[in-house]
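1. sequence first, then the predicted structure:
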Amino acid sequence: MKHLLPLLLALFLTTNATPSDTTPTFRLTDTMTEGVPGTGLLGHPVITVDMGAAHAGGIREEDENMRDAGQAGLTLNLPLADHVDLGTSVWFLRLDEDEEEDNESLELNRLTGEAMIHLSLRPGTRFNPYISGGYFLTRTTQTEQGLSQTDSDGGFSYGGGLELQVNRQTGLLLSALQVEQEDGSALMARATLQFWFVPTIAARIGATHLEEPETNSVFIGILLNL
């Protein structure tokens, strides 16, 4: 009997030392693999700052020459509800050139502001199709030989795109918009590649093509998740 009591006590302690059904378990969540916010803009409060260069035509009326210009852009995205985002952006394009042979100078400043509503199917996931629609306003000041002229134009744009998280740190944003303005309609396509350093900061590189006036541009920038 004196040996049985210690044996029963040891058996009791061993049985209750590893309660597998009650031991709490913890799972580390990798926000990048789960797409938060590694898929891009939609579904998150995000600000982007971009700078780049453009190769633009239609600067002068009936002038088909392509001219080089610099550009910069600022974009803010705000989620309004599930699957609904408000995107606002401002882009500035500047051209300044002197034609020494003809003793002519040309300066152009173009400011474009845009407000868009984005309806996304699966925000915050690896594969997120979306549709967009909104209004834009453009103000252009052109100076030649000391004479300035300012024009304003506005219109609607609509279309859609796809946010794709390629891998743990890389996201791709594709969009195609139909731009309706006083001079007619044109297609604008854009592709942006985003590389995430941490879940709140990403570097961006992208390219844009506009049919009319023909404009091809490239840009680099940074994305901050607020």
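-> Ah, there it is. Numbers count the residues shown, from 1 in each chain.

2. now do the strands in this protein.
-> 46-56, 67-81, 84-99, 104-120, 127-144, 147-165, 170-181, 184-198, 201-210, 215-225 (DSSP state E).

3. low-confidence regions, this structure specifically.
-> Along the chain, segments meeting pLDDT under 70 span 1-40, 58-65, 98-104.

4. returning to that earlier point: any chance of the strands of the chain in JSON lines, with mean neighbour count too?
-> Backbone N, C-alpha and C define where each C-beta goes, glycine included. Below are those laid out as JSON lines (neighbours: other CB atoms under 10 Å):
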{"stretch": "strand 46-56", "mean neighbour count": "18"}
{"stretch": "strand 67-81", "mean neighbour count": "16"}
{"stretch": "strand 84-99", "mean neighbour count": "16"}
{"stretch": "strand 104-120", "mean neighbour count": "17"}
{"stretch": "strand 127-144", "mean neighbour count": "16"}
{"stretch": "strand 147-165", "mean neighbour count": "15"}
{"stretch": "strand 170-181", "mean neighbour count": "18"}
{"stretch": "strand 184-198", "mean neighbour count": "16"}
{"stretch": "strand 201-210", "mean neighbour count": "17"}
{"stretch": "strand 215-225", "mean neighbour count": "18"}
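
5. can you pull up the most central residue in the chain?
-> Closest residue to the average C-alpha location of the chain: Leu41 at 5.5 Å, with CA atoms, centre = their mean.

6. OK, contacts around that residue?
-> Thr48, Thr75, Asn77, Asp85, Gly87, Glu163, Leu173, Leu223 (CB atoms under 8 Å, 6 or more residues apart in numbering).

7. against Ala176, how distant is the third one?
-> So that's Asn77. 18 Å (CB to CB, to the nearest Å).

8. and for Thr112?
-> Taking CB to CB, one finds Thr112 at 18 Å from Ala176.

9. residues in contact with Tyr130?
-> Leu42, His118, Leu119, Ser120, Leu121, Gly160, Gly161, Leu162, Glu163.

10. can I get those residues in a markdown table with distance to Gly52?
-> Shown next, in a markdown table, are the contacts of Tyr130 (distance: CB to CB, whole Å):
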| residue | distance to Gly52 |
| --- | --- |
| Leu42 | 22 |
| His118 | 22 |
| Leu119 | 28 |
| Ser120 | 26 |
| Leu121 | 30 |
| Gly160 | 23 |
| Gly161 | 19 |
| Leu162 | 22 |
| Glu163 | 21 |
